[in-house]
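# need a 3D model of the following:
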Amino acid sequence: MKAGRWSIYVGAMAIVQLLTACSGQPTGNQGTAQTAEVRNTAAPVADGKLLVAFGDSLYAGYGVAQNESFPFRLEQALKAGGLAVQVHNAGVSGETSLGGMQRLAFTLDGLPRKPDLLLLDLGGNDMLRGLPPEDSEKNLRAILDQLKQRHIPVLLTGMMAAPNMGKDYGAKFDAIYPRLAKDYDLPLYPFFLDGVIGDPKLMQADSIHPNPAGVTIIVGKIAPMVAGLLKDA
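The predicted structure is shown next:
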């Protein structure tokens, strides 16, 4: 990803507090279970595929209506393509990889059945808070180990470090997702915000989260990959 497409991220560390505020929960992990509990009240899936979008605010739909969120729009796109599917929104704004690791079992146990596919998007908040990439990778591996034990297929949607984090940090962080995909033999969508980051017409005023038009672009890029995985599930 060229640095120019990340120019809007210069000074990202100055808005870490904004990201934390997105969650509406404490900065620690005490608040995540309550959010997940609310999201786990989904209606039982009678027929078709069950997909779980497990991640942070990019999945949760921060700043947009629920019918404009990534999981909702993805479900619409998949149904338009002839798939019977329910996409369960298990995104929590402000979530870190550690918080995701700690709530994963709670989220999965609250579902009506084992999902046919889980989309995983965590690590972006770790990066913006300057947390060690080694810790992020350790947490993500713990998540993937749990999913492997439960025999749940995964599509990993990756993130990239903002240029202002420095070359050394960026190199370490950016290598996490390709390495995980290789080690766990997972399909990888390399960068969730590809095609929208840096374009004010596709991003919200915070320059971090996509607006409805941006969500539509992202869904258009990811949906064919998800559809192929679900058909094979």
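# contacts and neighbour counts: CA atoms only from here.
Fine.
# what strand or helix carries residue 90?
strand 85-91 (DSSP states H and E).
# partners of that strand in the sheet?
In the sheet, strand 85-91 lines up against strand 49-55 (parallel) (DSSP bridges).
# the strand it pairs with - what's its average pLDDT?
In this model, strand 49-55 has an average pLDDT of 98.
# how far off centre is it?
10 Å (C-alpha atoms, centre = their mean, to the nearest Å).
# just the C-alpha atoms of that strand, please, in PDB.
The C-alpha trace of strand 49-55 is given here as PDB (Å, rounded to 0.1, in the frame of the first residue of the first chain):
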ATOM      1  CA  LYS A  49     -25.300 -20.500   5.900                       C
ATOM      2  CA  LEU A  50     -24.300 -18.700   9.100                       C
ATOM      3  CA  LEU A  51     -21.500 -16.200   8.800                       C
ATOM      4  CA  VAL A  52     -19.900 -14.300  11.800                       C
ATOM      5  CA  ALA A  53     -18.200 -11.000  11.300                       C
ATOM      6  CA  PHE A  54     -15.900 -10.900  14.400                       C
ATOM      7  CA  GLY A  55     -13.900  -7.700  14.800                       C
END
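# pull out the buried residues from the longest helix seen in the chain.
The longest helix of the chain (DSSP state H) is helix 212-232. By 16 or more other C-alpha atoms under 10 Å, the buried positions in helix 212-232 come out as 212, 214, 215, 216, 217, 218, 219, 223, 226, 227, 229, 230.
# one more: stretch 152-162?
Here stretch 152-162 shows 153, 154, 155, 156, 157, 158, 159, 160, 161, 162 as buried, counting by 16+ other C-alpha under 10 Å.
# and stretch 139-155, by the same measure?
For stretch 139-155, by 16+ other C-alpha under 10 Å, it's 139, 140, 141, 142, 143, 144, 147, 153, 154, 155.
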